[in-house]
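Enquirer: Build me a model from this:
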Amino acid sequence: MAEKTTAEKLATIQQGYTLEGPTIELGVALIDGELHKDAPVRLPLSMMNRHGLVAGATGTGKTVTLHMMAEQLSTAGVPVFLADIKGDLSGLATAATGSEKLKARTDSLGQDWSGKTFPVEFLALGGDGNGIPVRATITSFGPILLSRVMELNATQESSLQLIFHFADQKNLELIDLKDLRAVIQYLTSDEGKDELAQLGGLSKATAGVILRELVNLEAQGMGPFFGEPEFDTAELLRTAPDGRGVVTCLELPTLQTKPMLFSTFLMWLLADLFEDLPEAGDLDKPKLVFFLDEAHLLFNGASKAFLDAITTTVRLIRSKGVGIFFVTQTPKDVPSEVLGQLANRIQHALRAFTPEDAKALKATVSTFPVSDYDLEEVLTSAGIGEAVITVMNEKGAPTPVALTRLRAPESVMGPSTDELVKSTVAGSSLLSKYGTAVDNVSAFEKLAGQAAAPTGDAAPPLPAPPLPSPSLPSEPRQQRNDGGGAVGEVVGALGGALGGGLKSMVRSFGTQLGRELLRGVFGTSSRRRR
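Expert: Here you go, the predicted structure:
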């Protein structure tokens, strides 16, 4: 077959990226070493909930790419969530200034560039940073995600699920780490040994291991993340008064010391959104686009149950109008079950310095459609700010592969000043809601027989309840997603995430109790929904 001429290659890309609806402008195509302003490369806004992958070696421009995409999404009225690993993304709140070098680049792309600021909300995990503190209750986080943070094995995870079930049945609210510790200490005490025996599948030795791991979490400084007021994920869906989408930046200044908590927390956010949002069908634009940076942290050492739950979340959350973009170094960092669901691909340069690198390069090339490029050569020679792109067009088919020089962001490619971040946080409407931790009456106080006065807007303290044997609820709580095949698929997929003891309990008690116990993709449950 004769090789195509440059004109033929150009026509293929022009035709493939001629789209009717609103788009994210990614850049312009490079063909046979030449830049073609008349061949823009675009991503349909309506296809952003088909998820995507932004990959490439360190220093090739992945962060700048998601920065540029976040700006355009905000301008289109789409809220964005960003995990700000290096602190660079806070620059979205500061307008960039022009330069001769920048002007030469934007002129070559035909980009009408001007410095702009964007509406940014700064969050900090557990208050670890300058942003609005983000907390989750232990009950909301759920046993599966908590097991991931504590690095429990399958048996211990199953036992933790039984502990959650016990607390749920006894109306013992698990708000922070001391509540869960109090419940475990009660079950392993002389006073609670009969309750422990009736749970079945939970040995005193395993409960002791979980208790020790809980103490380790506290020693690592993770206590402030768990508590109230719990962050409401609906805050991620807001728009600014001018109609632009709010860009939520989650600060992660101590990521290296808490990588497991970071990655698991992002899945908690997605699980909570999945439970809250109604089915949306096909939309002109997504309700939220979620950029999951350092995606390899999510999958490293993950159990099959955890991976199954991630796969189910990614597959089903798009019908709720949420798009997820995984950001990592190579497609190999993402399990094939998840990678197969990522329709939009932006692949920056890869290195091939070692035999392992060469394998990763070949594996990456194999994930792209047949194209007019020698992708092995292109992916090792692409410059900073260039990427190989294929996306899903408006008809649901892949666009032609295009080596693309990417557009330049219009806000600062780097951190905003600490003063700007702090003033933005101080002026945020979220500060009064989440800025101060509260300690309401929960399992710790009830088991201690205390009636301490709660702080904040909490209800009056309840008397410590008696602790009878576990029993079935008289009627199951109302399901948020109560009718479609999606719920059945979630529940079915979660069968693998259950340990032996809880599995047999669900089989015995039936499907309704199974749903009651799980309440979410990862066994999560928000007190706001109770």
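Enquirer: list the buried ones in stretch 144-159?
Expert: Within stretch 144-159, the residues that count as buried by 16 or more other C-beta atoms under 10 Å are 144-150, 152, 155-159. Every C-beta, even on glycine, is put in place using the N, C-alpha and C of the backbone.
Enquirer: do stretch 426-439 as well
Expert: Applying 16+ other C-beta under 10 Å to stretch 426-439 flags Ser428, Leu430, Tyr434, Ala437, Asp439 as buried.
Enquirer: mind checking the end-to-end distance for stretch 415-431?
Expert: 21 Å (C-alpha to C-alpha, to the nearest Å).
Enquirer: can you list the buried residues of stretch 426-439 in CSV and add secondary structure, pLDDT and distance to Thr233?
Expert: Below are the buried residues of stretch 426-439 laid out as CSV (DSSP: H, G, I helix; E, B strand; the rest coil; pLDDT from 0 to 100; distance: C-beta to C-beta, whole Å):
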residue, secondary structure, pLDDT, distance to Thr233
Ser428, coil, 96, 16
Leu430, coil, 96, 12
Tyr434, helix, 96, 12
Ala437, coil, 93, 19
Asp439, coil, 92, 22
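Enquirer: How far away from the center of its chain is the longest strand along the chain?
Expert: Looking across the chain with DSSP state E, the single longest strand is strand 34-44. Taking C-alpha atoms, centre = their mean, to the nearest Å, one finds the center of strand 34-44 at 30 Å from the center of the full chain.
Enquirer: what do you get for stretch 145-164?
Expert: 21 Å.
Enquirer: Over to stretch 96-108?
Expert: Using C-alpha atoms, centre = their mean, the offset of stretch 96-108 from its chain centre is 33 Å.
Enquirer: before we move on, the earlier item: in its sheet, which strands sit next to the helix or strand just after the longest strand of the chain, and in what direction?
Expert: Of the helices and strands lying after strand 34-44 in sequence (DSSP states H and E), the nearest is strand 52-55. Using DSSP bridges, the strands paired with strand 52-55 are strand 322-328 (parallel), strand 344-347 (parallel).
Enquirer: ok, residues contacting strand 52-55?
Expert: 62, 65-66, 291, 323-331, 333-334, 339, 342-348, 364, 391 (C-beta atoms under 8 Å, 6 or more residues apart in numbering).
Enquirer: Quick one: mean pLDDT over it.
Expert: Taken as a whole, strand 52-55 has an average pLDDT of 96.
Enquirer: quick check, Gln15 in a helix?
Expert: Yes. Assessed by DSSP: H, G, I helix; E, B strand; the rest coil, Gln15 belongs to a helix.
Enquirer: quick one, strands of this protein?
Expert: Using DSSP E, strands in the chain cover 23-31, 34-44, 52-55, 80-84, 120-125, 132-134, 247-251, 288-292, 322-328, 344-347, 386-390, 402-406.
Enquirer: Next, format these as a markdown table and append distance to Gln14 and mean neighbour count.
Expert: A markdown table is the format used below for these (distance: least, C-beta to C-beta, whole Å; neighbours: other C-beta atoms under 10 Å):
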| stretch | distance to Gln14 | mean neighbour count |
| --- | --- | --- |
| strand 23-31 | 8 | 23 |
| strand 34-44 | 5 | 19 |
| strand 52-55 | 22 | 26 |
| strand 80-84 | 29 | 27 |
| strand 120-125 | 35 | 25 |
| strand 132-134 | 45 | 24 |
| strand 247-251 | 32 | 26 |
| strand 288-292 | 26 | 26 |
| strand 322-328 | 26 | 24 |
| strand 344-347 | 19 | 25 |
| strand 386-390 | 14 | 24 |
| strand 402-406 | 10 | 25 |
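Enquirer: Between those strands, which one is closest to Ser99.
Expert: For these, proximity to Ser99 was assessed by C-beta to C-beta; strand 402-406 is nearest, at 17.4 Å.
Enquirer: Val209: which of the buried residues of stretch 144-159 is nearest?
Expert: Proximity of the buried residues of stretch 144-159 to Val209 (C-beta to C-beta) peaks at Gln156, which lies at 6.0 Å.
Enquirer: of the strands of the chain, which approaches Thr206 most closely?
Expert: strand 120-125 (29.0 Å).
Enquirer: hey, C-alpha coordinates of that closest one in PDB?
Expert: C-alpha atoms of strand 120-125 as PDB (Å, rounded to 0.1, in the frame of the first residue of the first chain):
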ATOM      1  CA  VAL A 120     -10.700  28.400  42.200                       C
ATOM      2  CA  GLU A 121     -11.600  26.800  45.500                       C
ATOM      3  CA  PHE A 122      -8.700  25.400  47.600                       C
ATOM      4  CA  LEU A 123      -9.200  22.300  49.700                       C
ATOM      5  CA  ALA A 124      -6.800  20.600  52.100                       C
ATOM      6  CA  LEU A 125      -7.000  17.000  53.200                       C
END
